[in-house]
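Q: Okay, sequence plus prediction incoming.
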Amino acid sequence: MRTTCESARHARFEMRMHDALCMKCGFVFEEKTPESGYLEAYYADAFSLESDTADLRPDYDAGRRIEFMKGHVDQGSRILEIGANRGDFCRDLESAGFEATGVDPLERRDQAVVEGGFIASEQTATGVFDVVASYYVLEHVTDARAWLAAVSRNLKTGGILITEVPNFERDPAASLNHEHFLHFTPYHLERLLQSCGYSVLGTDASPASRHFGFAMAARKVDVMAPASGAIMPDTAAIYARGMDEKRRRLSQENAVADDVARLVDAVGGADSAHIYFWGANEIATSIAVLLSGKTPVVPFVLDNSSQKKGLRHEGFSSPVATPDGVRFGAGNHIFVLCSPSWNAQIREQVEALAVTRAHFVDVRDHGIGEPRP
């Protein structure tokens, strides 16, 4: 049993999950999942990359995504992106010569429709498209067949579905995330797509978005194509490896907390040190909890997301602040960089703020968030 509590912008959500293994096909999934209304509220209340304090660059290679797409999609195709967040990739697709529309359940502070054809406030689109693309969406749904049926209604016969999901076979610990209900290997995704009216065209084992994922392209067809003949992986062993990796992750987080505590002592102790966790996320929560027994210094938590400002974040006694609202005074300032995809950018921000006596502890130095070989 895995239990997690997650804070969003306006509410607190608790998810209780139970990992299950299908003894027939070897698929790993969450047997206990929230109701659809709960999930709609959860994702509508989630955080985006919007920021008033920094230009948060997307953590994927748009060129690599488009290169894979062009291998299966005609130039000028009408593309629907499901889970488009703030519409960055839609604009990249437009620049590459496609006609792009994006949908996302996330609520917005700003106008409902932004440039690039992005429909920010709607979860579904009307019309039939040449291509439907989704990146790290399918693992979040509780009924994959129902989701693919909905996709099919927006996709012409012969149209292309491109989806990217965590690779449970290669990096099971990343797939066993508190928001993921379905854990795909390439074998299982291919068979799911085939059972739902798609013929798989190709797979990108090392995709552009995140090191732990894979991308697959499939065509909507009337006649099923034969399976690839791939052998079903030993998912029970993969699951055990994933849990071992999660335990190793906890050890890594504990090592980060030890580094911070030692640095506090090295710069003169509690009377001289101020600790700032940058990145209000689950990594910061875990390390902050571990740190509480190692130093009397109470840490602050910073985040570039304007939507998180003022919220209470687990592991910290003070609410989340954005850097524009912080005045860095005397003493030594220890920055614990907790957002692996943006840590280099965060360090540049701190250096631009000209904080005196700034010290850095980057979680990536202990392997957190770094690609595995």
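A: That came through fine. Numbering: from 1, shown residues only.
Q: quick check: longest strand of the protein.
A: strand 155-166 (DSSP state E).
Q: what comes up buried for that one?
A: Of all the residues in strand 155-166, those buried under the rule 16 or more other C-beta atoms under 10 Å are 155, 159, 160, 161, 162, 163, 164, 165, 166. Every residue, glycine included, has its C-beta placed from N, CA and C.
Q: Serialize these to JSON lines and add fields for distance to residue 325 and pLDDT.
A: Shown next, in JSON lines, are those (distance: C-beta to C-beta, whole Å; pLDDT from 0 to 100):
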{"residue": "155", "distance to residue 325": "45", "pLDDT": "94"}
{"residue": "159", "distance to residue 325": "47", "pLDDT": "96"}
{"residue": "160", "distance to residue 325": "46", "pLDDT": "97"}
{"residue": "161", "distance to residue 325": "44", "pLDDT": "98"}
{"residue": "162", "distance to residue 325": "40", "pLDDT": "97"}
{"residue": "163", "distance to residue 325": "39", "pLDDT": "96"}
{"residue": "164", "distance to residue 325": "36", "pLDDT": "94"}
{"residue": "165", "distance to residue 325": "37", "pLDDT": "94"}
{"residue": "166", "distance to residue 325": "35", "pLDDT": "93"}
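Q: What is the most widely separated pair among those?
A: With C-beta to C-beta as the measure, no two of the buried residues of strand 155-166 lie farther apart than 159 and 166, at 24.6 Å.
Q: Give me the pLDDT value at residue 313.
A: Listed pLDDT for residue 313 reads 82.
Q: Which residue, other than its chain neighbours, is closest to it?
A: residue 280 (4.6 Å; C-beta to C-beta, 6 or more residues apart in numbering).
Q: right, and residue 101 touches residue 91 too?
A: No. Using C-beta atoms under 8 Å, residue 101 makes no contact with residue 91, being 11.5 Å away.
Q: Compare those two (neighbour count), which wins?
A: Set side by side, residue 101 and residue 91 show more neighbours around residue 101, with 23 against 19, by other C-beta atoms under 10 Å.
Q: any idea which element that one lies in?
A: strand 99-103 (DSSP states H and E).
Q: Equivalent analysis for residue 132, please.
A: Following DSSP H and E, one finds residue 132 within strand 129-135.
Q: Can I get that strand in PDB? Just the C-alpha atoms.
A: Only the C-alpha atoms of strand 129-135 are listed here, as PDB (Å, rounded to 0.1, in the frame of the first residue of the first chain):
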ATOM      1  CA  PHE A 129      -7.800  15.700 -36.400                       C
ATOM      2  CA  ASP A 130      -5.000  14.000 -38.400                       C
ATOM      3  CA  VAL A 131      -2.900  13.500 -35.300                       C
ATOM      4  CA  VAL A 132      -3.500  13.300 -31.600                       C
ATOM      5  CA  ALA A 133      -0.400  13.700 -29.400                       C
ATOM      6  CA  SER A 134      -0.100  13.300 -25.600                       C
ATOM      7  CA  TYR A 135       2.900  13.400 -23.500                       C
END
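Q: Return the member of the buried residues of strand 155-166 nearest to residue 347.
A: Of all the buried residues of strand 155-166, residue 166 has the smallest distance to residue 347: 27.0 Å, by C-beta to C-beta.
Q: count of residues packed around the nearest residue to the closest one once chain neighbours are set aside?
A: Spatially, and ignoring its direct neighbours in sequence, residue 166 is nearest to residue 175 (4.0 Å; C-beta to C-beta, 6+ apart). Residue 175 has 24 neighbours, counted by other C-beta under 10 Å.
Q: With residue 193 instead?
A: Counted with other C-beta under 10 Å, residue 193 comes out at 21.
Q: just residue 28 next, same as before
A: Counted by other C-beta under 10 Å, the residues lying close to residue 28 total 22.
Q: for residue 43, same thing?
A: Neighbour count of residue 43, defined by other C-beta under 10 Å: 18.
Q: Test for you: state the pLDDT assigned to it.
A: Looking at residue 43, its pLDDT reads 81.
Q: Next, the angle from the longest strand of the chain to strand 129-135.
A: 10 degrees (axes from the mean of the first three to the mean of the last three C-alpha atoms, to 10 degrees).
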